[in-house]
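# okay, structure incoming, though there's no sequence with it:
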């Protein structure tokens, strides 16, 4: 594992603007609380919703309705958010965490929990990024290992609900950690 500085442990590690036509919302991911927060940019004092991606705490969603968030009972620190990505259709959010998982959420129903988990890439770093391909059917991710991983979000063989999807392909192209990835358009 890479040592994480104190600044990285208390910072916003990722930000995404929700696509036009869905009001003035943005999403942030945090290192210290491991939460993804939905904000109304017109009223930025408090988040509208806070979710904590975790296999152990699948449906933890804390709606605030512009009131102070009621924190859950104290628990050990969850893994931080390393990256957020919106698919090209604006219908799905991918939250990448330092617990080596990516959590796919329906953007219109964040409070219902994630719909898919992607695993197998190896990440405990806040530097590993992800990207959707132009049609949103594939996800590309960096890794602590010297390769990038590709997941097919519509696999041909069905998987049991909430069973982590494994990479459809690994791209062994480097000698150290792969941090930034992108698709050609």
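Yep, it's here. Since this is a predicted model, take the numbers as computed values, not measurements.

# low-confidence stretches in the chain?
Applying pLDDT under 70 to the chain flags residues 1-10, 20-23, 55-78, 123-126, 161-162.

# where do the helices sit along it?
Along the chain, the stretches classed as helices by DSSP state H are 6-9.

# so who does the spatially most central residue of it touch?
Closest residue to the average C-alpha location of the chain: residue 95 at 0.7 Å, with Cα atoms, centre = their mean. Counting by Cβ atoms under 8 Å, 6 or more residues apart in numbering, residue 95 touches 29, 36, 51, 53, 81, 83, 84, 102, 103, 105, 114. C-beta coordinates here come from the backbone N, C-alpha and C atoms, glycine included.

# among those residues, which ones are buried?
29, 36, 51, 53, 81, 83, 84, 102, 103, 105, 114 (16 or more other Cβ atoms under 10 Å).

# circling back to that earlier point, among the contacts of residue 95, name the ones in strands.
Mapping those onto strands (DSSP state E) picks out 29, 36, 51, 81, 83, 84, 102, 103, 105.

# who is the fourth one paired with across the strands?
Here residue 81 shows beta-bridge partners residue 97, assigned using DSSP bridges.

# any figure for the gap between it and residue 169?
Using Cβ to Cβ, to the nearest Å, we find residue 81 at a distance of 25 Å from residue 169.

# what does residue 129 give?
18 Å.

# more neighbours: which of those two?
Of the pair residue 129 and residue 169, residue 129 is the one with more neighbours under other Cβ atoms under 10 Å, namely 20 against 12.

# what's the neighbour count on residue 12?
12.

# next one: residue 45
8.

# try residue 180
Neighbours around residue 180, by other Cβ under 10 Å: 12.
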